[in-house]
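J.: Okay, predicted coordinates and the sequence, questions at the end:
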Amino acid sequence: KNEVEQSPQNLTAQEGEFITINCSYSVGISALHWLQQHPGGGIVSLFMLSSGKKKHGRLIATINIQEKHSSLHITASHPRDSAVYICAVNGQGGSEKLVFGKGTKLTVNP
Amino acid sequence: DVKVTQSSRYLVKRTGEKVFLECVQDMDHENMFWYRQDPGLGLRLIYFSYDVKMKEKGDIPEGYSVSREKKERFSLILESASTNQTSMYLCASTYWGGVNTEAFFGQGTRLTVV
């Protein structure tokens, strides 16, 4: 079983819809990252969080440490949000290596 | 504008060739990483380096080696390329003590071994 599980694997939405992508992890962590990968391959860091909630534009990330769960929300989705969204965690004890989920492929149709 | 730059976006190599993938970062980061990404498997760590001339094996080091002669450059070497090494390769870097710092990724190199 992968230490980091994402759901759903694939998600198709209509422009304007509210989108939620979930990430559950089975290990103790010091930080959780949400990453975005567009077709073509480059990965961009969206959020890094260890507690609570962060917001950037239309993106919101939350984490519940007790439940070992994080969500990434996109409000008023747009076709340019179409990408693969990847959850990754740093292990406890100062581990600098990231453990990745397998990603959620989001397609937003106009 | 901070950058992690990989030397090639696309590479096609023949089986048995020695292949070098280069990664350069301009952020003075101590940690650098090489991953490969395959459909259904996600990103998997091949090797990482936390200092010049230092390296540690990741989860799938077989068939690969690395070199870190300068802080800004981390090279991944396929000594004798094989078709099962066809993949997307991604380089990343973070600061030392990078538990609470952002990871920066290169644009990826899509390698095809024929």
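T.: That came in fine, so what should we check first? Residues are numbered from 1 along each chain as shown, chains lettered A, B, ... in the order given.

J.: May I have the distance across stretch B:19-35, first residue to last?
T.: Start and end residues of stretch B:19-35 are separated by 15 Å (Cα to Cα, to the nearest Å).

J.: ok, is that stretch in contact with chain A or not?
T.: Yes: legend: contact between stretch B:19-35 and chain A by Cβ under 8 Å from any Cβ of the partner chain is shown at B:Asn31, B:Phe33. To be clear about C-beta, it is placed using only N, CA and C from the backbone, and glycine gets the same treatment.

J.: Report the buried residues of that stretch.
T.: B:19, B:21-25, B:29-35 (16 or more other Cβ atoms under 10 Å in any protein chain shown).

J.: What's the per-residue pLDDT of A:Ile29 here?
T.: Reported pLDDT at A:Ile29 in the predicted model: 85.

J.: how far away is B:Ser65 from B:Leu78?
T.: Applying Cβ to Cβ, to the nearest Å, the value for B:Ser65 to B:Leu78 is 8 Å.

J.: can you check B:Ser8 too?
T.: Distance, B:Ser8 to B:Leu78, using Cβ to Cβ: 13 Å.

J.: Could you look up the SS state of the closest residue to chain B within chain A?
T.: Of all residues in chain A, A:Gly41 sits closest to chain B, at 3.0 Å by Cβ to the nearest Cβ. When classified by DSSP: H, G, I helix; E, B strand; the rest coil, A:Gly41 comes out as coil.

J.: Quick check, it in contact with B:Leu90.
T.: Yes: the pair A:Gly41 / B:Leu90 is scored as a contact, 7.2 Å apart, by Cβ atoms under 8 Å.

J.: Common neighbours of those two, please.
T.: Residues touching both A:Gly41 and B:Leu90 by Cβ atoms under 8 Å, 6 or more residues apart in numbering or on different chains: B:Gly108.
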